[in-house]
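Colleague: Please work out how this folds:
(chains A and B)
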Amino acid sequence: MNESPQNRAECDIPFQVNGKLVAVRVYPMERLLDVLREELGLTGTKEGCGEGECGSCAVLMDGALVNSCLIPVLQAKGAKITTIEGLARGEQLHALQQAFLDCGGAQCGICTPGMILAAYHLLSTKPQPSLEDIREGLSGNLCRCTGYEQIVEAVAKVGRRGSGG
Amino acid sequence: MRARPADYELVAPGTLSAVLSLLAQEPGEWLPIAGGTDVMVQYSAGTLPARKLVSIWSLPELRQIEVTPSEVRVGAGCTFADLRQHEIVGREFALLAKAAGWTGGIANQNRGTLGGNIINGSPAADSLPALLVYEAELVLVSVKGERRVPYGDFHTDYRKTQLAPDELVRSVCLSRRFSGYYAHARKVGARNAQAISKVCLAALGRLADGVVDDVRLAMGSVAPVPLRLRETERTVKGRRIEPELIQVASRAAAAEIRPIDDIRSTARYRTAVAGNLVAEFLERLSVAGPAQK
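Modeller: Numbers count the residues shown, from 1 in each chain, chains lettered A, B, ... in the order given. Prediction:
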C-alpha cells in the first residue's frame, strides 16, 4: 500500500441542490444518493435496488435524469442537482405532484420521487408526450403498487395541460 | 458486503492528457470510471477489485461526435442519449441508435457510454453487435500516441480485450457506407425496458438482382464475446432468399453460436431463438426491395 494517505481523505465538494449552493466534506466515492440523504437531509430521494435498475433514487443532474446511486459524488462537483424537494414552490405542489395525488399515482411512495422526476424530465423534452413516450420515459422506474396505469394517467394529464415544465 | 467509501480513491484530472499520464505512471492501477453504470454496481456490491479510480466522465475530448465525408467518429465518452439524439447516427447507423434506446432506461442512457459498454465487454451488451456489423474501428490512445484496431478483433475472450493497461478507448469510427443496406435489429428479453437480452441481433443486408449481394449478422448473449456470424453470412451471400435457404441459414446460425445456460435463459432456448431471428431477418430482407441510395 503506497498510496499517499491524503488521496483517500475526505474533500470539499461544492455543488448546487435545488438552487442552493452547498459544500459537503465527504469521501469522493460516496454515492450522491447517500450524500443527499445523509449529509444534506434530503430524504425524498429513495434507495431501492442500489444498482441502477429501479429508478427510486433518480434526480436531475444538470437537467439530465440520472440514478444517484450510481454517481460518485466527486462527479457531481459543480453540478446543478434537482431533487423531489426542489419541485414544489413553498406550499404549492408542482403540477406533477398534484396530478399523482389526484390520479392515485402514489401508494407506498418509494418509487414516487424518482417517478415524478422522470416525468418532469420527460415533459421538459416533450411537453405533450404520447402514451408511448410516457411509457418509455418512465421505463427505468419500477413501481410495485400501482400497476403503472394511474402514474401514466397522471403524467398524461399534466402533458395535456402543458404545465409540466 | 457494501463498500466503504473511505477505502477507495477517486480523482478527476479533468483533461484527457492528465488521465493518460496517470495511467502511464501506474499502468493497471487506475480504473477509469465514466458514467458508472457498470463500475458503481460492482462498487456498491463490494465486488469492485480496483481501489483507485480515475474519472473520465464528460471529458470534452471523449464527448464529441465528429462527422467527416467518409466516417463518423463517436467519442468513447458519448452517452447512449447522445447517440439517440444524433441525426446522422440515427439515419446512417440505425442499428446503433436503436440499441442505444434498448440500453437501460432513460437515466442509464444519460450516463452509460459507448466506450464503457465496449470495455465492460459484456457479451449481452446491446450496442456491440451493431458495432460488429458496421465493422467499426476503435481508436485507442495512451501517452505514446494513438492506434486504430478493428472492433471485430478487440474482444479476445470473455471480458478480455486488446486494451493495454495504459490505454483508453478514444473513439469509435463508423464508415459511412451502409445507407443502402436494409437494417434490422431485434432484442429478445424478459421485458422491453431494463432487461438484459437473452439474445439480440443486429443485421444488415443488401439485395441486387434478387440475390443477397451482402449480408452482415451479429448477435449478443450467444457466446463469450459479441459474435459475428460469418459462417451463416457465407451460406446466404450470393443466393436468392427462398424458404430452403432460410432453413439452411437458420441451422447455420444455431450451429455457429456458443450459448450457455445462465440466469436469463438456457442454451437450448437461445439456439432456437438465434435461428428464428436469422429467419425473420431474411424474410424481411426478401420483401424489403432493392437497396435504397
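
Colleague: quick one, phi/psi of the closest residue to chain B within chain A?
Modeller: Ranked by Cβ to the nearest Cβ, the top residue of chain A for proximity to chain B is A:G140, at 1.7 Å. C-beta: built from backbone N, CA, C; applies to glycine. When read as degrees, to the nearest 10, the backbone of A:G140 gives phi -90, psi 10.

Colleague: Report the contact partners of it.
Modeller: By Cβ atoms under 8 Å, 6 or more residues apart in numbering or on different chains, the contact list for A:G140 reads A:G55, A:A58, A:N67, A:A118, B:G104, B:G105, B:I106, B:A107, B:N108, B:A193, B:Q194.

Colleague: for B:A76, same thing?
Modeller: For B:A76, the contacting residues are B:A34, B:L62, B:T113, B:L114, B:G115, B:G116, B:I118, B:L168, B:V169, B:R170, B:S171, B:V172, by Cβ under 8 Å, 6+ apart.

Colleague: neighbours of the residue of the stretch 101-250 of chain B found nearest chain A, just the number please.
Modeller: Closest residue of the stretch 101-250 of chain B to chain A, Cβ to the nearest Cβ: B:G105 (1.7 Å). B:G105 is flanked by 24 other residues according to other Cβ atoms under 10 Å in any protein chain shown.

Colleague: tell me the domain ranges of chain B?
Modeller: B:5-55, B:60-175, B:182-287 (automatic domain parsing).

Colleague: Likewise for chain A?
Modeller: Domain segmentation of chain A under automatic domain parsing yields A:5-86, A:95-161.

Colleague: Just give me the neighbour total for residue 123.
Modeller: Reading this off chain A. When neighbours are counted by other Cβ under 10 Å, A:L123 comes out with 23.

Colleague: um, chain B though
Modeller: Counted by other Cβ under 10 Å, the residues lying close to B:P123 total 22.

Colleague: Hmm, it is touching B:D157, no?
Modeller: No. Applying Cβ atoms under 8 Å as the test, B:P123 and B:D157 come out as separate, 10.4 Å apart.

Colleague: So for the two, which residues contact both of them?
Modeller: Listed as contacting both B:P123 and B:D157 by Cβ under 8 Å, 6+ apart are B:P224, B:V225.

Colleague: The spatially closest residue to B:V225 that is not a sequence neighbour - how many residues pack around it?
Modeller: Nearest residue to B:V225, sequence neighbours excluded (Cβ to Cβ, 6 or more residues apart in numbering or on different chains): B:H155, at 3.9 Å. B:H155: 21 surrounding residues under other Cβ under 10 Å.

Colleague: what's near enough to touch B:H155?
Modeller: B:G121, B:T161, B:V225, B:P226.

Colleague: B:L31 now?
Modeller: B:L31 neighbours (Cβ under 8 Å, 6+ apart): B:V39, B:L48, B:A50, B:K52, B:L53, B:V54.

Colleague: Could you measure from the second one over to chain A?
Modeller: When you say that, I think you mean B:L48. Distance check for B:L48 against chain A: by Cβ to the nearest Cβ, to the nearest Å, it reads 10 Å.

Colleague: Helix or strand for that residue, just tell me which one.
Modeller: For B:L48, there is no enclosing helix or strand under DSSP states H and E.

Colleague: can I assume it is in contact with B:Q42?
Modeller: Yes. The criterion here is Cβ under 8 Å, and B:L48 meets it with B:Q42 at 4.2 Å.

Colleague: Now do the helices in chain A.
Modeller: Counting by DSSP state H, chain A has these helices, from start to end: A:32-34, A:95-103, A:112-125, A:131-137, A:149-161.

Colleague: I'd like those as CSV, with distance to chain B and mean pLDDT appended.
Modeller: Shown next, in CSV, are these (distance: least, Cβ to the nearest Cβ, whole Å; pLDDT from 0 to 100):
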stretch, distance to chain B, mean pLDDT
helix A:32-34, 8, 98
helix A:95-103, 16, 97
helix A:112-125, 7, 97
helix A:131-137, 6, 96
helix A:149-161, 13, 95
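
Colleague: Just send those helices back as CSV, with distance to B:G238 too.
Modeller: Shown next, in CSV, are those (distance: least, Cβ to Cβ, whole Å):
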stretch, distance to B:G238
helix A:32-34, 55
helix A:95-103, 57
helix A:112-125, 46
helix A:131-137, 40
helix A:149-161, 49
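
Colleague: Which of the ones you listed sits closest to B:L128?
Modeller: Between B:L128 and those, the tightest spacing by Cβ to Cβ is seen for helix A:131-137, at 22.2 Å.

Colleague: returning to what we had before: now do the contacts for the residue of the stretch 101-250 of chain B closest to chain A.
Modeller: Contacts of B:G105 by Cβ under 8 Å, 6+ apart are A:G55, A:A118, A:S139, A:G140, A:N141, B:A193, B:Q194.

Colleague: partner residues bridging the residue nearest the centre of chain A?
Modeller: Residue closest to the average C-alpha location in chain A (Cα atoms, centre = their mean): A:V59, at 2.2 Å. Beta-bridge pairing for A:V59 (DSSP bridges): A:V66.

Colleague: hang on, isn't it packed against A:T83?
Modeller: Yes. Between A:V59 and A:T83 there is a contact under Cβ under 8 Å: 5.1 Å.

Colleague: list residues touching both of these two?
Modeller: A:L36, A:T45, A:L117.

Colleague: since we're on the second one, how many residues are nearby?
Modeller: By the other Cβ under 10 Å criterion, the neighbourhood of A:T45 contains 24 residues.

Colleague: and stretch A:132-142, how far apart are its ends?
Modeller: Taking Cα to Cα, to the nearest Å, stretch A:132-142 runs 16 Å from one end to the other.

Colleague: Can you give me the buried ones in that stretch?
Modeller: For stretch A:132-142, burial by neighbour count (16 or more other Cβ atoms under 10 Å in any protein chain shown) applies to A:D133, A:I134, A:R135, A:E136, A:G137, A:L138, A:S139, A:G140, A:N141, A:L142.
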